[in-house]
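Need coordinates for the below:
(2 chains)
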There are 2 protein chains.
Amino acid sequence: MEDGALPMLIAPPALSTAPLEVPHRLLMGPGPSNVPARVLAAAGLPLLGHMHPQYLKIMDECQAWLRYAFQTTNELTLAVSGSGHAAMEAGIANLVEAGDPVLVAENGLWGERVSDIADRYGAEVKTTKVAGGEVFTLGQIEEELRRHRPKLLFLCHGDSSTGALQPLVGMGELCHKYGCLLFVDCITTIGGVPVFIDKWGIDVAYTGAQKVLNVPPGASPITFSPRAVQRIASRHSKVGSFYLDMTLVGRYWGVGGPRIYHHTGLISNVYVLREGLALLAEEGLEAAWARHRQSVDTLHAGLERMGLQLFVKEKAHRLPTVSTVCVPAGVKWDAVSKFIMEKYSMEIAGGLGPTAGKVWRIGLMGANANPANVTLVLAAMEDALRHVGFLRRSAL
Amino acid sequence: MEDGALPMLIAPPALSTAPLEVPHRLLMGPGPSNVPARVLAAAGLPLLGHMHPQYLKIMDECQAWLRYAFQTTNELTLAVSGSGHAAMEAGIANLVEAGDPVLVAENGLWGERVSDIADRYGAEVKTTKVAGGEVFTLGQIEEELRRHRPKLLFLCHGDSSTGALQPLVGMGELCHKYGCLLFVDCITTIGGVPVFIDKWGIDVAYTGAQKVLNVPPGASPITFSPRAVQRIASRHSKVGSFYLDMTLVGRYWGVGGPRIYHHTGLISNVYVLREGLALLAEEGLEAAWARHRQSVDTLHAGLERMGLQLFVKEKAHRLPTVSTVCVPAGVKWDAVSKFIMEKYSMEIAGGLGPTAGKVWRIGLMGANANPANVTLVLAAMEDALRHVGFLRRSAL
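Below you'll find the predicted structure:
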């Protein structure tokens, strides 16, 4: 053949090639969440070419619904071909040039990640921190902006590692007063918590597919304000990543010039994103936000009735989509989550980063935020807490 | 709510939210290829958590089958969470540090892309070129290695923009003689054309899901030799990308230390990759290579009988998986592909990069490489060439 006589082949591994089967799990952790049947059905639709007109129409629909979900008119609104971390990195890669001062407000794991990424792209990274579960005030942020004069500020709207919801009203105005762009992680908030990209002056925001949108991970929405687009256009150097270069990815999504091929879009992932966004548009943002609010209020009341405490002390700063619940003294967190997985096939996660070993994380995201799931997760928690001896068998 | 009184909402777009439907297309272009029913079915399976033991087992299976497909024992063998371009960028991001001399052998569009990416990661990029449709000889490469003393050489094994198959035997040995690592694009070859990563001394190679593996794009296989792993370990600077940092992504795949969370793996994309790889293992590489060879021989003979010429003159250098067919003088390439799409719902692509406007590209990839498809594509081409007047109605 092409390369002459062939060497001996390494044999295939001794694994069963039987078709894949996966067990059902109720995913009540911080994501992924369960995927509605309609969305799963779209995953199994046949492929179209990544430049076929029928596929481009699906991309267009995604963009229109994403603008609604983000509450923006930003032209540069699309989905990055990767997980939420790819979208996070896309924000940094496009907005940061070597030597740029970047301020990262760290109140959980995601700020730490952004600091790491910004460092890799050559930024002069400054960080400001609050304890896990707390949030930044406008006053704190203004002081840091005045001190560091950053070109970019990162805030995490809903930090799934701590369960804190960072208030955003006024942050955009503040940043722009200091010539700074505002970059926000909305992974756990878009669709479940009010977010107004334009009215709140957010310059770049991204989310994930597998959280409130109830879509398998892979196509991660991101939006750039005209101010952010201008910043990219006035760069002195090429965007550090080719794969995530918005001047090229944007063109593939029909933004900034005639549509051109950049990479093979993640066709099936865009199908499912389209379905998740259509379902959100059908319900309407206000109804979805209210449903999440009702679900989490019921959840929190039930947890407190069992004698459990929430990790985020200030009620207004509790993220409705991911609740962090303190593990009581003397209880092993993983004995509880293991019991619930084994008996109920239900995922309740442990902590992450600053909350590792200290909390359980319970997610109510998208279609998973419903009365049946809240009832079941409370019953499972109660059963598990009896099992580990925190609640007496007769209690409640 | 959390952020005070809410502003007025932007209304959802006036789009039908009816469930997605997509038409069937026979994808006989350079990719994506059609996806077998078993693989599509796996796309619709419910999600598992990205750290659940059942999901980690699927990742392990993918790795084992990928080692077989790549014919390697490389421990650092996994799938990047993105399209083939993400895997291409992962190779550069991990192996290149600022100032490193990198030699890119460009014989089509993909070499140009690698040069662009390497430039973004700070490499001193040197290029050597041959005309589209031609390949590099060992002598040419040795001369360039001697002249530029690069730390990395890029070759494209199967260039889907030109239809050329680059011989690789001896290239690894040559690179290592000059202290250089060999980085190879195998997007269109793994599974369809013999590739022996270990025996041919290839240090880094990647492929795509949506070509010969017949899997929706999203999880792109890549493998690193111990020599490449050593190069990464001895870097002076962090890997330029966090998302593609193999010292972290490897750990998520259980390589290089205890498994740790890095990003949310593309769960459904890994399900389908597992199925595509299982099907390849069931058939066996030798049988798959032979089937592609038989299919393309029949295709080429049929095209030549119609009076068409192949773009790659040297028979041994024709890529079996993507054929480039010269557009005869006086024929509009897109009139033919449009006719075939409209009448047969079949994709035949035009040229790309150096072949734009000059060729049709016909793919025979994975399950699509079968006698029925070859017969149908020849019949469709003949019908189209009659339609545009290249063949007389009575011919053949």
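
could you pull out the helices for chain A?
Listed in chain order, the helices of chain A (DSSP state H) span A:37-43, A:53-70, A:84-95, A:109-120, A:138-148, A:171-177, A:226-233, A:246-252, A:267-283, A:285-305, A:333-344, A:371-387.

Give me the contacts around the second one.
Contacts to helix A:53-70, defined as C-beta atoms under 8 Å, 6 or more residues apart in numbering or on different chains, come from residues A:48-49, A:73-74, A:77-79, A:186, A:190-191, A:195, A:197, A:205, A:207, A:213, A:219, A:221, A:223, A:253-254, A:259, A:265, A:267, A:270-271, A:273-274, A:277-278, A:280-281, A:285, B:10-13, B:15, B:20, B:22-23. Quick note: C-beta positions are derived from backbone N, CA and C, even for glycine.

and with 6 Å instead?
A:48, A:77, A:190-191, A:197, A:221, A:223, A:253, A:270, A:273-274, A:277, A:281, B:12-13, B:15 (C-beta atoms under 6 Å, 6 or more residues apart in numbering or on different chains).

before we move on, the earlier item: please identify the deepest-packed of the helices of chain A.
Scoring the helices of chain A by mean neighbour count under mean count of other C-beta atoms under 10 Å in any protein chain shown gives helix A:84-95 as the most buried, with a mean of 28.

re earlier: could the helices of chain A be laid out in a markdown table, adding mean pLDDT?
Shown next, in a markdown table, are those (pLDDT from 0 to 100):
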| stretch | mean pLDDT |
| --- | --- |
| helix A:37-43 | 98 |
| helix A:53-70 | 98 |
| helix A:84-95 | 98 |
| helix A:109-120 | 97 |
| helix A:138-148 | 98 |
| helix A:171-177 | 98 |
| helix A:226-233 | 98 |
| helix A:246-252 | 98 |
| helix A:267-283 | 98 |
| helix A:285-305 | 98 |
| helix A:333-344 | 98 |
| helix A:371-387 | 98 |
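
Just send the ones you listed back as CSV, with distance to B:Val322 too.
Shown next, in CSV, are the helices of chain A (distance: least, C-beta to C-beta, whole Å):
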stretch, distance to B:Val322
helix A:37-43, 27
helix A:53-70, 20
helix A:84-95, 28
helix A:109-120, 35
helix A:138-148, 52
helix A:171-177, 48
helix A:226-233, 34
helix A:246-252, 21
helix A:267-283, 19
helix A:285-305, 45
helix A:333-344, 46
helix A:371-387, 48
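
Greatest separation within the contacts of helix A:53-70: which pair is it?
Greatest spacing in the contacts of helix A:53-70, by C-beta to C-beta: A:Leu48 and A:Ile197 (29.8 Å).

so where do the strands sit in the stretch 101-250 of chain A?
A:101-106, A:124-129, A:152-156, A:158-159, A:164-165, A:181-185, A:204-206, A:219-224 (DSSP state E, counting those that start in this stretch).

and of the ones you listed, who's closest to B:Glu124?
Ranking those by their distance to B:Glu124 (criterion: C-beta to C-beta) puts strand A:124-129 first, at 25.5 Å.

in that closest one, what's buried?
For strand A:124-129, burial by neighbour count (16 or more other C-beta atoms under 10 Å in any protein chain shown) applies to A:124-128.

got the contact list for that strand?
With C-beta under 6 Å, 6+ apart as the test, strand A:124-129 has contacts from A:101-106, A:115, A:118-119, A:144, A:148.

Quick check: residues of the stretch 251-396 of chain A near chain B?
Residues of the stretch 251-396 of chain A lying close to chain B (C-beta under 6 Å from any C-beta of the partner chain) are A:263-264, A:266-269, A:271, A:274-275, A:278, A:281-282, A:347.

can you redo those as TSV with distance to A:Leu152?
Output for those, formatted as TSV (distance: C-beta to C-beta, whole Å):
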residue	distance to A:Leu152
A:His263	25
A:Thr264	30
A:Leu266	27
A:Ile267	32
A:Ser268	33
A:Asn269	28
A:Tyr271	33
A:Arg274	31
A:Glu275	33
A:Ala278	33
A:Ala281	31
A:Glu282	35
A:Glu347	35
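
out of those, which one sits closest to B:Cys180?
A:His263 (27.1 Å).

dump the residue contacts of that closest one.
Going by C-beta under 6 Å, 6+ apart, the list of residues near A:His263 reads B:83, B:85.

next one: A:Leu48
When contacts are counted by C-beta under 6 Å, 6+ apart, A:Leu48 is found next to A:54-55, B:22.

From the contacts of helix A:53-70, pick the one nearest A:Ala164.
A:Ile190 (16.7 Å).

ok, back up a step: got the strands of the stretch 101-250 of chain A as TSV, with mean pLDDT columns?
As requested, these are arranged in TSV below (pLDDT from 0 to 100):
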stretch	mean pLDDT
strand A:101-106	98
strand A:124-129	98
strand A:152-156	98
strand A:158-159	97
strand A:164-165	98
strand A:181-185	98
strand A:204-206	98
strand A:219-224	98
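
deepest of those, which one?
Looking across these with neighbours counted as mean count of other C-beta under 10 Å, the highest average goes to strand A:158-159: a mean of 32.

Nothing else from me, thank you.
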